[in-house]
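*Asks:* Any chance you can model this:
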Amino acid sequence: MGFLKQVSGRYRPSTARIHSGRLPGWGGLTVLVLLTTLLLAACGDAATAPAAGVTTSAAPSSGSNSATTAAAGTTAGAATTAAGAGAATTAAAFSGSFDGTIKFGAPLSLTGSLNNESKQTQEGYDLWMEAANAKGGIIAGGKHYKIDIKYYDDASKQDLSATLATKLITEDKVNFLLGPYGTASTNSMATIAEQNEIPMVEGNGAAESIFTQGRKYTFGVLSPGSKYLQGVIDMALAQTPKPQKVAILAANDSFSKEVGTGVKNYATSKGLNVVLYEEYPNAETNLTAQVTKAKALNPDILLNSGHYAEATAIIKASKELGLNPMAYGFSVGPSLPDWGTTLKNDGNYVLGGSQWTSAVTYKGDDVFGSSKNFFDMFVKKYNVEPAYQAADGAACGIAYQKAIEKAGSLDPKKVRDALAGLDVMTFYGQIKFDERGLNMFKPMVVEQWQDGKKTTVWPSEIASAKPQWPTPTWDKR
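*Replies:* Numbering: from 1, shown residues only. Just a heads-up that it's a prediction; the model follows:
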C-alpha cells in the first residue's frame, strides 16, 4: 500500500578508527589491548530483551534522520516511518544501547485540503522523537526505549483516519496513537482508540465535543476551540479606537462551529454587537458572497473560524471587494509560515489566535526545556519558523514521555492512568487534563503579521511588539 520508508536503529557509542600501519612490538599490542578494554567498558552489557509487544531496534545507517514528509501526490494511505536517529539537538547525545522500540502511529493529512497544517504537526512529532532519542529515548522500568513513529496519509478524509488507525493497531502493532490533524478526524480516531483501549494523545482536534462522550483513552494537550479567538476580542477592546461591531464567518465543520459560537458568545458578553454570524461549507474557497454580505454591514472586526485555505480566500476577496475593518482575526491561517509566502504584503496586519508562540516564557524539564529552545531547534532542522501546530505535536510527545516514565511500564492501561493524572509544566505550557481528557489549563495567545513577519501581540505582558491598530484601508497600504 503505497511506499514505505523505514529507518530504525540502535544507538551505539562512537569508536575511533585505527588507521592502517603497524603498532611496533609489545608496546603496540599493549596499547591495542587497552583500547579494546576501554571500548568494551563504554559499550556495557548487551541490552536485555524488550518487553512483550515492543519491537527491537535494528542498526541504523550512519547519520540517518527523521522520516521524510510524503511528497505531493502520494497515494492516500501510503505509509512513512520516522527514524529515531540523528537528532539535531544541543543536548549531549545518548551513547548507550536501546533496549527496544516504542512504536507510535498517526494518520495525517499529508495530501488534501489540510496538508499545510498537517505538515507542521508531523514536523513537531518528528522533532520531539529525535530530541528524545538523542537523550536516551523513553525510560520505563529502568530500560531505554527508542521512539519510532509510523505515518499514513489520510488525504484529509476523516473516515480514512479511522480506517488507518485500525490498521496501525491491528497490522502495524503500534503501542500508542498520536492524533491526526483536525477535529473530525480526531473524533473518528478516538472511537478506534476507545474500542481497542489504546491511548491517543492529540494536539490538533480542539472541539470540546470530542471529549463529551465519556471516552477514557483520548487526551488533548491544546486549549479547546471555544477559546481560540477570545484573545483577539480582548486585545481589540484594549485598543483605540474601540471596535463596536463584529462579523463572523465560520466553516460548518464541528471545530469551526465551536470556535465561531464561542467567540460570538464571548464578544456579546463583552458588549460588542455581533452583526453577522454566517456559516459556509467546510473547505469552500469561493467566499465572495459571504464577504460581500459582511461588507454591507461595515464591521469593525471580521473574524473567521475555519482553515488555512478559507482564510487566505477571505483576505483575497476582502481586498478585491474593498472590505476595510479595523481588524481581521482568524482561528487558523496566520500561524502558518505559508501565510506570508502566499499573501505577501496583503497578509500584514492580520491577527490569529495561537496555541503557542516563541514569545511565551514557559520552562520545563522536558527535552526542549523552553519555548526558545524549541523554536531554535525547529528552525535549525526545518529552516522555517514553527507554527503552533508544530508545538502542539511536540507537546503530545512530551505528554506521552512523561506518562510512560511515570507509569514505568508500556501497558496501555497503566499509561492511560498516568496520562489522566499528569500535571507538568513544559516548553508548551501546562499539560494537565480534566476528567474528560481536555486541557483547560493553558491560555491562548494572539499573533499579528507585521512587515512580513509573525509577532506576538497579546497578552501584553509577553508581547514582543504592540498591535498595529487599526488596519489601514487597502488603498492606503
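*Asks:* Give the helix, strand or coil label for the residue nearest the centre of the chain.
*Replies:* Geometric centre of the chain, nearest residue: residue 393, 2.5 Å, by Cα atoms, centre = their mean. Following DSSP: H, G, I helix; E, B strand; the rest coil, we place residue 393 in the helix state.
*Asks:* what does residue 146 give?
*Replies:* strand.
*Asks:* for the one 4 residues further on, same thing?
*Replies:* Taking three-state DSSP as the rule, one finds residue 150 in the strand state.
*Asks:* Could you check how many residues crowd around it?
*Replies:* 22 (other Cβ atoms under 10 Å). Quick note: C-beta positions are derived from backbone N, CA and C, even for glycine.
*Asks:* With residue 296 instead?
*Replies:* 12.
*Asks:* ok, residue 120 to residue 154 distance?
*Replies:* 16 Å (Cβ to Cβ, to the nearest Å).
*Asks:* neighbour count winner among those two?
*Replies:* A count of neighbours by other Cβ under 10 Å puts residue 154 above the other of residue 120 and residue 154, at 31 against 26.
*Asks:* which SSE is residue 329 in?
*Replies:* strand 327-330 (DSSP states H and E).
*Asks:* Give the pairing partners of that strand; include direction for each.
*Replies:* strand 301-305 (parallel), strand 351-354 (parallel) (DSSP bridges).
*Asks:* Can you name every helix or strand that the helix or strand following the first one contacts?
*Replies:* Heading C-terminal from strand 301-305, the first helix or strand you meet, by DSSP H and E, is helix 308-321. Counting by 3 or more Cβ pairs under 8 Å, 6 or more residues apart in numbering; DSSP states H and E, the packing neighbours recorded for helix 308-321 are helix 288-296, strand 301-305, strand 327-330, helix 338-343.
*Asks:* measure the residue lying closest to residue 425 once chain neighbours are set aside to residue 184 for me?
*Replies:* Excluding the flanking residues, the one nearest residue 425 by Cβ to Cβ, 6 or more residues apart in numbering is residue 364, at 4.6 Å. Distance of residue 364 to residue 184, computed by Cβ to Cβ: 31 Å.
*Asks:* before we move on, the earlier item: tell me which of the strands paired with strand 327-330 is the most buried.
*Replies:* strand 301-305 (a mean of 30; mean count of other Cβ atoms under 10 Å).
*Asks:* Run the chain-centre distance for it.
*Replies:* Here the centre of strand 301-305 is set off from its chain's centre by 23 Å, with Cα atoms, centre = their mean, to the nearest Å.
*Asks:* what do you get for stretch 466-477?
*Replies:* With Cα atoms, centre = their mean, you get 31 Å for stretch 466-477.
*Asks:* could you give the mean pLDDT of it?
*Replies:* Mean per-residue pLDDT for stretch 466-477: 97.
*Asks:* Now do residue 79, the pLDDT please.
*Replies:* 74.
*Asks:* no wait, residue 128
*Replies:* So residue 128 comes in at 98 (pLDDT).
*Asks:* cool, and residue 20?
*Replies:* For residue 20, pLDDT reads 34.
*Asks:* Over to residue 175?
*Replies:* 98.
*Asks:* burial measure for it, as a count.
*Replies:* 24.
*Asks:* correct me, but it touches residue 140?
*Replies:* No. Between residue 175 and residue 140 there is no contact under Cβ atoms under 8 Å: 10.7 Å.
*Asks:* Overlap of the contact sets of the two?
*Replies:* Jointly contacting residue 175 and residue 140 under the rule Cβ atoms under 8 Å, 6 or more residues apart in numbering are residue 410.
*Asks:* out of everything not next to it in sequence, what's closest to residue 295?
*Replies:* Per Cβ to Cβ, 6+ apart, closest to residue 295 is residue 323, 4.4 Å.
*Asks:* shouldn't the one you found be in contact with residue 291?
*Replies:* Yes. The pair residue 323 / residue 291 is scored as a contact, 5.9 Å apart, by Cβ under 8 Å.
*Asks:* Pull up the overlap in contacts between those two.
*Replies:* With Cβ under 8 Å, 6+ apart as the test, residue 323 and residue 291 both reach residue 317.
*Asks:* Please report the distance of the nearest residue to residue 450 once chain neighbours are set aside from residue 352.
*Replies:* Spatial nearest neighbour of residue 450, excluding adjacent residues (Cβ to Cβ, 6+ apart): residue 468 at 5.7 Å. In this view, residue 468 and residue 352 are 14 Å apart by Cβ to Cβ.
*Asks:* Now do the shared contacts for these two.
*Replies:* Shared contacts of residue 468 and residue 352, counting by Cβ under 8 Å, 6+ apart, come down to residue 448.
*Asks:* quick one, helices of the stretch 351-477 of the chain?
*Replies:* Assigned by DSSP state H, counting those that start in this stretch, the stretch 351-477 of the chain shows helices spanning 371-382, 388-407, 412-420.
*Asks:* so which of those helices gets nearest residue 262?
*Replies:* helix 388-407 (17.5 Å; Cβ to Cβ).
*Asks:* Please name every helix or strand in contact with that closest one.
*Replies:* Looks like helix 388-407 contacts helix 115-134, strand 138-140, strand 176-178, strand 200-202, helix 371-382, helix 412-420, strand 423-426, strand 429-432 (3+ Cβ pairs under 8 Å, 6+ apart).
*Asks:* Run the chain-centre distance for the longest one.
*Replies:* Centroid separation for helix 115-134 versus its chain: 7 Å, with Cα atoms, centre = their mean.
*Asks:* Switch the helices of the stretch 351-477 of the chain over to CSV; also include mean pLDDT and distance to residue 274.
*Replies:* Below are these laid out as CSV (pLDDT from 0 to 100; distance: least, Cβ to Cβ, whole Å):
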stretch, mean pLDDT, distance to residue 274
helix 371-382, 97, 34
helix 388-407, 98, 26
helix 412-420, 98, 37
